[in-house]
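Q: Model the structure of this input:
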Amino acid sequence: MFEIRNYHYEPTKFDKYQTWATKEAVPYLREHLDLVGFWMDNGEATEVMGSDPDPHKHGPANITWIIRWDSMEARNQGHATVFKSQGWKDIWANHPDANGYLQMEAKFAEEA
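A: Numbers count the residues shown, from 1 in each chain. A predicted model of the protein is given here:
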């Protein structure tokens with residue numbers, strides 16, 4: 001099972017977030033989770049297509065990461081273990097603006 005997380009982070013604070021994520025958050029997450037990937041917006045224009053191409057009110061998600069889990073139960077336990085650990089609390093204390101998340105979504109998928 002894959003957990004796909006999309007974040008709409010405040011664009012005016014994004015540079016500081018990128019530095020924190022690259023130097024602190026992502027290395028920790030890679031060490032403690034089966035992190036498939038962690039992507040941040042690179043400034044290229046987003047392509048929006050389809051029969052209803054109106055953009056999201058916060059713009060496109062500018063952070064996406066994917067974690068592989070064995071099950072939803074493993075995911076729930078993993079979140080409890082990793083995100084309540086002292087190591088993560090120490091990293092989170094350095095977050096440039098924890099209120100900068102305008103919207104977050106997690107969706108779940110199976111590999112085809």
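Q: all strands for this structure, in order.
A: 2-9, 35-40, 63-68, 101-109 (DSSP state E).
Q: buried sites along the last one?
A: Just to be clear, that refers to strand 101-109. Leu102 (16 or more other CB atoms under 10 Å). The way it works is simple: take the backbone N, C-alpha and C, and place the C-beta from them, glycine included.
Q: Which other helices and strands does it contact?
A: strand 2-9 (3 or more CB pairs under 8 Å, 6 or more residues apart in numbering; DSSP states H and E).
Q: Name the residues that touch the strand it packs on?
A: 17, 36, 56, 58-69, 75, 100-111 (CB atoms under 8 Å, 6 or more residues apart in numbering).
Q: Quick one: mean pLDDT for it?
A: Average pLDDT, strand 2-9: 97.
Q: Relative to it, what are the paired strands and their orientations?
A: Partners of strand 2-9 in the sheet, by DSSP bridges, are strand 63-68 (antiparallel), strand 101-109 (antiparallel).
Q: Also compute the angle for the shortest one relative to strand 35-40, please.
A: Read that as strand 63-68. When axes from the mean of the first three to the mean of the last three CA atoms, to 10 degrees is applied, the directions of strand 63-68 and strand 35-40 differ by 180 degrees.
Q: so how far is Lys57 from the closest residue to Pro55 other than its chain neighbours?
A: Of all residues not flanking Pro55 in the chain, Val48 sits nearest, at 5.7 Å (CB to CB, 6 or more residues apart in numbering). Relative to Lys57, Val48 is positioned 13 Å away (CB to CB, to the nearest Å).
Q: Comparing those two, which residue is more hemmed in?
A: Taking other CB atoms under 10 Å, Val48 and Lys57 do not tie; Val48 has more neighbours (12 against 8).
Q: Thanks a lot, see you next time.
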